[in-house]
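Asker: Turn this into a model:
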Amino acid sequence: LQDPEPSPMKEEPGELWISQDEETKSDEKPHVSKECDVKKPFMCKECDKHFNQPFCLKRHTRTHTGEKPFSCKECDKNFISLSHLKSHIRTHTGERPFFCKECDRRFSRISSLQRHMQIHTGEKPFMCKECDKHFNQPFCLERHMRTHTGEKPFSCKECDKSFISLSHLKSHIRTHTGERPFFCKECDRRFSRIFSLQRHMQIHTGEKPFMCKECDKHFNQPFYLKRHMRTHTGEKPFSCKECDKRFISLSHLKSHMRTHTGEKPFSCKECDKSFISLSHLKSHMRTHTGEKPFLCKECDRSFSQIGNLKSHMRIHTEEKPFLCKECDRSFSQIGNLKSHMRIHTGEKPFPCKECDESFRHGTYLKKHMRIHTGERPVTIESPSNSLSRSLLTPPLC
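Answerer: Presented below is the predicted three-dimensional model:
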């Protein structure tokens, strides 16, 4: 048997979690000789771990038996050692006796302070042999290794999701309970995860310390910079198993997968439409609010979507990046190219329901339908030459 991963305890927001064994090494380590420390003569019969003191072995054995003889009088939690109980008691008293001499942070556990100090020293002695990443704690390396092995030993009892760490599972559980214990002191927003709060705080501070060396863009998180860098390198490490498309981020892949599953979890509260991604929903919501935040710097037009602004800008730049492979024509819009290609393919995807005619363009079909409906085309007078033109006249190819 292997020693099960101990249950970490989270003392205060911003601190990393710590295992029981790690805390014990820091808080309860007695004075022993180097010779005894090296030999570690006391062995666990369950998992072959060695210890330099018999009481260390006795305490470790409780991780196998499940015995937790030390109880908290304030709540119903139990612990395998007195040091763990004492450390836990500080969550009730708020005591933080261990302080950093480099900054003003204080901690309830000596091990938390020791780990924090590595921020100042930059020490990361534990290296992954698969990808050369370095970590400041062995349990951080152990958790990271699961990203290579695919192991996800922590399962949610409410749904079928599994996670590589207990902290990830606990964070996920809040999606079921709705708990949001981390709140912003600047505004009234609350968050289910501490790093979500930390990222949110950068909205107030404006801090974006991570800069791209290729284009000088700044980001408030290192993983945003890492993802952005793929737009320069062309790297797309996330591939779809259903088709041959690849993506620069896992979130983009997950969003794409919904095109295969048909899942549309993001619903509009104003109408009955649903979308595969939150960004699509936000974009759609502007059709209800009328918001057009994307402004053209060349004229006074504004748009509800960034893609529409980019397309519009080609009017000013006269850029026509979409080239027909059959002839020498080029277009400013991908839709115009697709429409043009039907001249070469002969495709007529717009059939008339009243007769057997089909058309290359929807506008051609609308004009044709007037034969059946008897509708007369609406005309407007051109302000430049007083000529009349039909509102339904199809565009030229």
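Asker: is it true that residue 96 touches residue 108?
Answerer: Yes - counting by C-beta atoms under 8 Å, residue 96 does reach residue 108; the two are 5.0 Å apart. Backbone N, C-alpha and C define where each C-beta goes, glycine included.
Asker: Which residue of these two possesses the greater neighbour count?
Answerer: residue 108 (23 against 16; other C-beta atoms under 10 Å).
Asker: tell me the SS of the closest residue in space to the more buried one that isn't next to it in sequence?
Answerer: Nearest residue to residue 108, sequence neighbours excluded (C-beta to C-beta, 6 or more residues apart in numbering): residue 90, at 4.0 Å. Assigned by DSSP: H, G, I helix; E, B strand; the rest coil, the conformation of residue 90 is helix.
Asker: Could you report the neighbour count for residue 90?
Answerer: Using other C-beta under 10 Å, residue 90 has 16 neighbouring residues.
Asker: correct me, but it touches residue 96?
Answerer: Yes - in this structure, residue 90 is within contact of residue 96 by C-beta under 8 Å, at 7.1 Å.
Asker: Quickly list what's touching both of those two.
Answerer: Common neighbours of residue 90 and residue 96 are listed as residue 108 (criterion: C-beta atoms under 8 Å, 6 or more residues apart in numbering).
Asker: Quick one: residues contacting the residue nearest to residue 259 when sequence neighbours are not counted.
Answerer: Excluding the flanking residues, the one nearest residue 259 by C-beta to C-beta, 6+ apart is residue 276, at 6.5 Å. Neighbour list for residue 276: 255, 258, 259, 263, 264, 265, 266 [criterion: C-beta under 8 Å, 6+ apart].
Asker: can you check residue 294 too?
Answerer: Listed by C-beta under 8 Å, 6+ apart, the contact set of residue 294 reads 302, 303, 304, 305, 306, 308, 309.
Asker: now these as TSV including neighbour count and distance to residue 68?
Answerer: Formatted as TSV, the contacts of residue 294 follow (neighbours: other C-beta atoms under 10 Å; distance: C-beta to C-beta, whole Å):
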residue	neighbour count	distance to residue 68
302	14	63
303	17	61
304	18	58
305	16	56
306	11	55
308	15	61
309	18	61
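Asker: Now do the domain split for the protein, please.
Answerer: What automatic domain parsing lists as the domains of the chain is 20-123, 266-314, 320-397.
Asker: Can I get those domains in CSV including mean pLDDT?
Answerer: Below are the domains of the chain laid out as CSV (pLDDT from 0 to 100):
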stretch, mean pLDDT
domain 20-123, 79
domain 266-314, 90
domain 320-397, 78
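Asker: could you pull out the helices for the stretch 251-397 of the chain?
Answerer: 278-289, 306-317, 334-345, 362-373 (DSSP state H, counting those that start in this stretch).
Asker: Pull out the buried positions in the second one.
Answerer: What it means is helix 306-317. 309, 312 (16 or more other C-beta atoms under 10 Å).
Asker: Counting neighbours, what do you get for residue 366?
Answerer: Residue 366 - counted by other C-beta under 10 Å - has 15 other residues nearby.
Asker: Three-state assignment for residue 84, please.
Answerer: For residue 84, the secondary structure call by three-state DSSP comes out as helix.
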